[in-house]
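Peer 1: Pasting the sequence and the predicted coordinates here, then a few questions.
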Amino acid sequence: MSSVSEGRFRGSAVPLITPGPLRTTLRADDGVRIEAVYEPCTAGAGAVAESSFDGTAIVLAHGFTGSVDRPAVRRAAGVFAGRAAVVTFSFRGHGRSGGRSTVGDREVLDLAAAVAWARSLGHRRVVTVGFSMGGSVVLRHGALYAARPADDAGAVGGVEREGRTGARTEAHADAVVAVSAPARWYYRGTAPMRRLHWVVTRPLGRLVGRYGLHTRIDRDEWNPVPLAPVEAAGLFGPTPLLIVHGDRDPYFPLDHPRSLADAAGDSAELWLERGMGHAENAADETLLTRIAEWAVTP
């Protein structure tokens, strides 16, 4: 695994003469260090450098216990890079990022830092693609980080800012893809989700998370409880939203994606994938290619 170096790469970079992969450390708005990797689009690799930085960038948000260097994340990033530039990063508490996982709450700050970095590199259009926990994060980010200014009361397009996750308009997404995302918090209706809640809420479970799953989990409960994904989906407005879910997902049954699509209304497109399981580990190359093609189509 490559090491992260703040000295070599900075969170706000400029386009290079010869574009290539960049590994850097970003800082979320609350100061947590986030490891991130930028990969230019591999289509037309011989084109001039400027064309690699002014097109679409896909920012990939992994699931719980994932990280920027996990094989499933690297596989998805490789497929996406065939259609667009790609930013991958490790959520707090994962990989070489700092802090502890809040399982979808403060992670919206990590995603915002990655989106802002993509824009600082010159990308005019940024699409977020999140898997499982990352799917819930891209939904909240899409509602809270909007391409429109906040009013004097701290509201963004009618959405009151959450106490710990205030929005910055320069970190907005132009389109959002949520794969295997939950619709609501505290869901325990399946055995895998009951096991996950044990890992997150029990001291012994957090030890298993740290040493068995390589994920450092915050012990504090949410306060305040963040905007639920289904509520966030209803606040998208004109932002395009793609919801992808497998009909064999062992974590979240099909009422979750259907609830999200119903809440989003006309701005959402729903793909129910036959035979697919859960998140990035279950997404095959064909599906990832379809997602990338959707992402790069304005």
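Peer 2: Good, I have the coordinates.
Peer 1: just the helices in the stretch 151-298 of the chain please.
Peer 2: For the stretch 151-298 of the chain, the helices defined by DSSP state H, counting those that start in this stretch occupy 191-201, 203-211, 229-233, 255-264, 279-282, 285-295.
Peer 1: Just the CA atoms of the fifth one, as PDB, please.
Peer 2: By that I understand helix 279-282. Output of helix 279-282 as PDB, limited to C-alpha atoms (Å, rounded to 0.1, in the frame of the first residue of the first chain):
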ATOM      1  CA  ALA A 279     -22.400  -2.900  -3.000                       C
ATOM      2  CA  GLU A 280     -19.100  -2.700  -4.800                       C
ATOM      3  CA  ASN A 281     -18.200  -6.300  -4.200                       C
ATOM      4  CA  ALA A 282     -21.300  -7.500  -6.100                       C
END
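Peer 1: So which bits of it are buried?
Peer 2: Buried positions in helix 279-282, judged by neighbour count with 16 or more other CB atoms under 10 Å: A279, E280, N281, A282. For glycine as for every other residue, the C-beta is placed from the backbone atoms N, C-alpha and C.
Peer 1: so can I have TSV of those showing pLDDT and distance to T128?
Peer 2: Formatted as TSV, the buried residues of helix 279-282 follow (pLDDT from 0 to 100; distance: CB to CB, whole Å):
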residue	pLDDT	distance to T128
A279	97	15
E280	97	14
N281	96	19
A282	97	19
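Peer 1: Now for these: which two are most distant?
Peer 2: By the measure CB to CB, E280 and A282 form the most distant pair in the buried residues of helix 279-282, at 7.5 Å.
Peer 1: Sketch out the low-pLDDT regions of the stretch 51-200 of the chain for me.
Peer 2: Scanning the stretch 51-200 of the chain with the threshold set as pLDDT under 70 gives 51-54, 147-169.
Peer 1: Spatially central residue in the chain, please.
Peer 2: With distances taken as CA atoms, centre = their mean, the chain has A61 as the residue nearest its mean C-alpha position (2.7 Å).
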